[in-house]
Structure formats: C-alpha cells, structure tokens
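>>> take this sequence and fold it.
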Amino acid sequence: MRFRLKPVRDWRLGTRLALGLGALALTVFVIVGWVMVTSMKDFLDRRLDDQMVISQQGAAKEVEYYGKITKIPPDWFAVVYKIENGGVTPLPGDQQPQDREEFDALAKQALTADKFETEYLRDEGKFRLRACQIIENEYIVVSAAPMNDRDGTISQLVTVGVIAFLAALVALVVGGQALIRKGMQPLSDMADTAHDISSHDLTDSGDLTVRVDGKGGGVEVEELREAFNNMLAHIDSSLAARTAAEQRLRRFIADASHELRTPLTSLRGYADLFRYAAANEPGEREKHLEKLRSEASRMSVLLDDLLLLARLDSAESEPPLRPEEMDLSVLAEAAADAFRAARPSHELTLDADTVTMAADPTRLRQVLDNLLTNAAVHTPDGTTVSLKVTAENGWAVVRVSDTGPGIPAADQARIFDRFYRVDNSRTRQRGGSGLGLAVVQSLIQAHGGTITLTSRPGSTTFTIRLPRQP
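Predicted structure coming up:
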C-alpha cells in the first residue's frame with residue numbers, strides 16, 4: 001500500500017499553525033545562530049591577530065641582538081628575514097616550518113606593508129600568518145599561529161547552538177501545538193455541536209435545544225460562540241415556527257376535510273332521495289330539493305370562509321381589503337339592527353360614538369356580524385349582548401360583550417384557531433364550522449389591529465382595537 005501525504009491545505013488548522021510557528025522559529029534561530037557564529041569568529045580572529053602583533057613587537061630586540069626569535073608559543077612558527085639589496089634572505093631558526101613557500105611569499109609583500117593571511121601549511125594545518133618589519137629596512141618577521149583552537153571553539157559553538165536551537169524548536173512546536181489545541185478547543189466544541197445537530201431528525205420536530213457551552217478562548221472565540229448560539233436559537237425558533245405551521249396545516253386539512261365531507265355526504269344522500277322521489281313520490285321532491293339547497297349553501301359559506309382565510313394569508317400578493325372613509329358607528333348600528341331582527345331571543349344594547357376611519361366596511365361588518373352571532377349562538381335565550389364603539393388615543397375600539405356562561409380558561413388560548421370549537425363533539429347544533437373567530441382575527445390583523453378576549457362566568461368580552469390612520 002502506497003502512503004500518500006495529504007496536501008498542506010487539508011491538514012488541521014492547529015497542525016498548520018504549529019508548523020508555521022516552527023518554520024518561523026527556525027528562521028529566527030538560523031539568523032540568530034549565524035550572527036552569533038560570525039560575531040564569535042570575528043572576535044577570535046581579532047584576538048589572535050592582536051596576540052601576533054604583541055608577540056612580534058616583543059621579539060624586536062631579540063632579533064636585533066641574536067637574529068632569531070626564541071620566545072614564542074611552542075605550536076607557533078616564526079621565520080626571520082634580513083632585507084638585502086631589495087630582497088629578503090631567511091635566517092636560521094628553531095621554530096621554522098618544513099616548507100617556507102607561503103612565508104617567503106608573504107615576507108616579500110611585507111617590504112611595502114604589513115600583511116595578514118590565512119593559509120593551509122603542508123602537513124601542519126590551518127594557520128594565521130602575519131609579516132611585518134620589526135626593524136625598518138633591516139629585518140622582517142613572519143609568524144604563524146595555529147587556528148585549531150579558534151576553529152574548535154567555533155565548531156563547539158555551532159554544535160551547542162544547533163542542539164539548543166533544535167531542542168528549543170521541538171519544545172516550541174510541541175508546546176505550541178498543545179497550546180493551540182487547547183486554545184482551539186472551543187472551536188472543536190462548536191464542530192462537535194454542529195455534527196451533533198446533523199444527527200438530529202429535524203423533519204418532524206422543531207426541537208433544537210443544542211447549544212455550545214463553555215467559556216474562555218479569548219474575546220474572538222467568545223464572540224464566535226455567542227454568534228453560533230444566537231444562530232442556533234434563531235434556527236430553533238424557525239424550526240419551531242415551521243413545525244407549528246405544519247401542524248396547523250395538517251390540522252387545518254384534516255378539519256377542512258371533515259367539514260366538507262359532511263355536507264358532501266348529505267348532498268349525495270339527498271340527491272339519491274330526490275331521484276327516488278322523482279320516480280315514486282313526486283310530492284317529496286321539493287322537500288328534498290330544499291335540503292340540497294341548504295347543504296349546498298352551507299358548503300358555500302364554508303368554502304367562502306376558507307377562500308377568505310387563504311387570501312388573508314397571502315395578503316402581500318393579493319390584498320383582500322378595499323379601504324375607504326367610513327363611520328364605524330353607522331356600521332355598528334346596521335349590524336345591531338340586523339342582529340335584533342335575526343335574534344329576537346337576545347337583548348342587544350348599542351353604545352356607538354362617531355368614529356371616522358379608513359377601513360373596508362364590508363369586512364368590518366362581517367367581523368361585527370360574526371362576533372354578534374357567536375355571542376347569540378353560544379349563550380342561552382335571554383342573554384344580554386352589548387356592542388360599544390369608542391375612540392381612544394388614535395384608535396377605534398369595539399367591544400362585543402355578553403352575560404353568558406363564559407368560555408373555559410383552557411379553551412381561551414385556542415379560541416381563534418381555525419376549526420376549533422369549545423365542545424369536542426364537533427356538534428353543529430350550536431356552532432358553525434369553527435372558522436368564524438379565525439376569520440375575525442385575520443380580518444382585524446389585515447387592518448393592522450388586534451383582538452383580545454376576556455371571559456369569566458357571567459361576562460365575556462371581545463375587544464377590537466383598530467388604527468384610525470392606517
């Protein structure tokens with residue numbers, strides 16, 4: 001199996017940072033090491049040169065009297081030359097090299113100026129040579145000092161520096177990677193949280209309570225953690241809203257199917273009876289035909305309410321309102337007259353101030369009719385119903401109240417839901433399709449207003465607040 005190294009861009013961020021830190025540290029170490037070695041070499045070279053100068057100056061008198069040098073370090077070489085006829089002649093001595101070729105050449109150059117050279121002497125090694133006239137125009141001395149100690153010092157310095165720098169580099173990379181890993185742990189926690197979220201089934205559930213816990217990591221990580229949690233909270237709320245909407249849609253479809261199935265079943269039944277009566281009992285035809293009309297009318301009302309709710313839900317693309325200047329008190333009086341004529345079993349009191357505003361009178365009349373009818377249908381005969389219209393701080397306020405038994409507290413939160421009825425048996429003897437209050441709420445919201453309910457035994461009030469200036 002062939003091992004294949006992944007591209008650098010595919011490495012983990014912590015590894016790349018640690019290696020980058022190591023490369024930067026290595027560059028710094030190389031520069032520092034080069035400066036140290038160069039400085040040390042210059043220092044040792046200057047020191048050796050100074051020693052040679054001092055040694056040659058001290059040997060001047062010795063050469064003048066004896067013609068040779070005896071007081072030099074044992075591992076040095078020295079050759080004394082006598083200047084004659086513009087040339088140089090070597091004099092015998094005890095510390096001369098076996099091969100004087102480099103010394104002779106350097107001595108000739110010293111006729112004009114002092115000279116320093118670094119040479120490799122045969123069978124001897126590397127030496128530092130200096131030639132100078134210790135007695136002007138009479139004697140020249142060429143000295144050679146070994147550079148083994150200097151080179152050994154430099155080599156030892158390089159070795160120690162390399163070992164120290166490598167140890168420091170390894171410690172820096174390993175320690176840096178550990179620190180980076182620890183510093184990036186919050187990011188790893190966020191990644192683990194994201195992987196955890198991906199394992200959740202969010203198709204049917206809007207519950208996304210996963211959050212990133214922990215502290216530390218610096219200001220930037222704290223900001224990222226807060227932004228990440230805010231994003232998760234937003235997703236959680238969006239999923240909850242989506243799930244609630246889907247549940248409402250499913251319940252709406254189920255309820256709509258239930259509501260439509262009943263009149264359709266009745267229509268089929270009365271149609272069969274009508275066909276039978278047409279063939280066998282002609283006198284029963286009108287009765288069955290009237291039943292057909294009644295069920296068709298009931299289904300038409302239900303479909304009209306569904307269509308209106310759909311239009312209100314898509315109000316941006318299809319505005320369902322046609323506002324105009326109107327007097328809300330006139331509308332309330334018309335609704336009250338219609339209620340008294342249709343519901344003589346209930347007493348209605350009207351208190352309507354003149355309130356002018358821009359609104360859709362047809363839809364507001366539908367709101368009032370629905371609320372008044374709802375009050376009559378769900379209360380016993382003799383119940384008093386009141387309708388009050390006032391203006392309060394730029395708002396038109398409508399209150400529809402009754403003195404009936406009230407609405408149970410457990411049902412008040414869902415009273416405006418579509419197809420919701422207080423009674424669970426779905427009986428239609430006292431209620432309609434369960435869309436009346438949903439239509440009312442949608443129409444009020446379409447006008448930019450609000451509707452609230454307060455109810456207790458003996459008192460139920462629906463309060464509508466509409467802006468007078470849309």
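>>> so where's the stretch 301-450 of the chain shaky on pLDDT?
301-320, 418-434 (pLDDT under 70).
>>> please enumerate the strands of it.
Along the stretch 301-450 of the chain, counting by DSSP state E, counting those that start in this stretch, strands occupy 324-327, 347-352, 356-359, 384-392, 395-402, 450-456.
>>> nearest to Lys71, out of those?
Distance to Lys71, taken as Cβ to Cβ, is lowest for strand 450-456 among those, at 115.6 Å. The way it works is simple: take the backbone N, C-alpha and C, and place the C-beta from them, glycine included.
>>> flag every buried residue along that closest one.
451, 455 (16 or more other Cβ atoms under 10 Å).
>>> name every strand pairing with it and say which way it goes.
For strand 450-456, the paired strands and their directions (DSSP bridges) are strand 459-467 (antiparallel).
>>> CA atoms of the strand it pairs with as CSV?
What follows is strand 459-467, C-alpha atoms only, in CSV (Å, rounded to 0.1, in the frame of the first residue of the first chain):
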residue,chain,number,x,y,z
SER,A,459,-69.1,38.1,31.3
THR,A,460,-67.4,37.6,28.0
THR,A,461,-65.9,40.5,26.1
PHE,A,462,-64.1,40.6,22.7
THR,A,463,-62.1,43.9,22.4
ILE,A,464,-61.1,45.1,19.0
ARG,A,465,-58.5,47.9,18.5
LEU,A,466,-58.2,49.4,15.0
PRO,A,467,-55.8,52.2,14.0
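>>> what pLDDT, on average, does that strand get?
Here strand 459-467 scores 92 as its mean pLDDT.
>>> buried sites along that strand?
Buried residues in strand 459-467, counted by 16+ other Cβ under 10 Å: 460-462, 464-466.
>>> angle of that strand against strand 395-402?
160 degrees (axes from the mean of the first three to the mean of the last three Cα atoms, to 10 degrees).
>>> distance between strand 459-467 and the chain's centre?
Distance of strand 459-467 from the chain centroid (Cα atoms, centre = their mean, to the nearest Å) equals 44 Å.
>>> now do stretch 133-144
82 Å.
>>> cool, and stretch 113-124?
Taking Cα atoms, centre = their mean, one finds stretch 113-124 lying 71 Å from the centre of the chain it belongs to.
>>> just the pLDDT for Met184.
70.
>>> list the residues that contact the closest residue to Phe165 other than its chain neighbours.
Spatial nearest neighbour of Phe165, chain neighbours left out: Phe29 (4.1 Å); criterion: Cβ to Cβ, 6 or more residues apart in numbering. Neighbouring residues of Phe29 by Cβ atoms under 8 Å, 6 or more residues apart in numbering: 165, 168-169.
>>> any idea how far Val162 is from Phe29?
Per Cβ to Cβ, to the nearest Å, Phe29 is found 9 Å from Val162.
>>> before we move on, what about Ala359?
Per Cβ to Cβ, Ala359 is found 90 Å from Val162.
>>> now Leu24
Counting by Cβ to Cβ, the gap from Leu24 to Val162 is 18 Å.
>>> likewise for Ala338?
104 Å.
>>> what about those two, which has more around it?
A side-by-side neighbour count of Ala338 and Val162, using other Cβ atoms under 10 Å, places Ala338 first with 15 against 12.
>>> for the helix or strand where Leu166 lies, buried residues please.
Using DSSP states H and E, Leu166 sits in helix 148-183. By neighbour count with 16+ other Cβ under 10 Å, helix 148-183 contains the buried residues 150, 154, 157, 161, 165, 169, 172-173, 176-177, 180.
>>> and that helix, what other elements does it pack with?
For helix 148-183, the elements it packs on are helix 13-58, strand 125-135, judged by 3 or more Cβ pairs under 8 Å, 6 or more residues apart in numbering; DSSP states H and E.
>>> the same query, at a cut-off of 6 Å, please.
Here helix 148-183 touches helix 13-58, going by 3 or more Cβ pairs under 6 Å, 6 or more residues apart in numbering; DSSP states H and E.
>>> so how far is the helix it packs on off the chain centroid?
Relative to its chain's centre, helix 13-58 lies at 48 Å (Cα atoms, centre = their mean).
>>> kindly report the same for stretch 104-119.
Chain-centre distance of stretch 104-119: 76 Å, with Cα atoms, centre = their mean.
>>> endpoints of that stretch, how far apart?
Taking Cα to Cα, to the nearest Å, stretch 104-119 runs 13 Å from one end to the other.
>>> show residues contacting that stretch.
81, 88, 102, 128-132, 140, 142 (Cβ atoms under 6 Å, 6 or more residues apart in numbering).
>>> where does pLDDT dip in the stretch 101-250 of the chain?
Applying pLDDT under 70 to the stretch 101-250 of the chain flags residues 197-221, 244-245, 248-250.
>>> and Ile54, how many neighbours?
Ile54: 10 neighbours (other Cβ under 10 Å).
>>> now do Glu101
11.
>>> and it, how close does it get to Ile134?
Computed with Cβ to Cβ, the distance linking Glu101 and Ile134 is 22 Å.
>>> same thing with Pro97?
Distance from Pro97 to Ile134, counting by Cβ to Cβ: 19 Å.
>>> for Lys126, what are its contacts?
120, 147.
>>> how much space between it and Ser39?
Going from Lys126 to Ser39 by Cβ to Cβ gives 20 Å.
>>> equivalent analysis for Asp327, please.
Separation of Asp327 from Ser39 (Cβ to Cβ) stands at 101 Å.
>>> next one: Pro7
Distance from Pro7 to Ser39, counting by Cβ to Cβ: 41 Å.
>>> who has more neighbours, these two?
For Pro7 versus Ser39, the count of surrounding residues by other Cβ under 10 Å is larger for Ser39: 10 against 7.
>>> may I have the beta-bridge partners of Gly87?
Here Gly87 shows beta-bridge partners Glu84, assigned using DSSP bridges.
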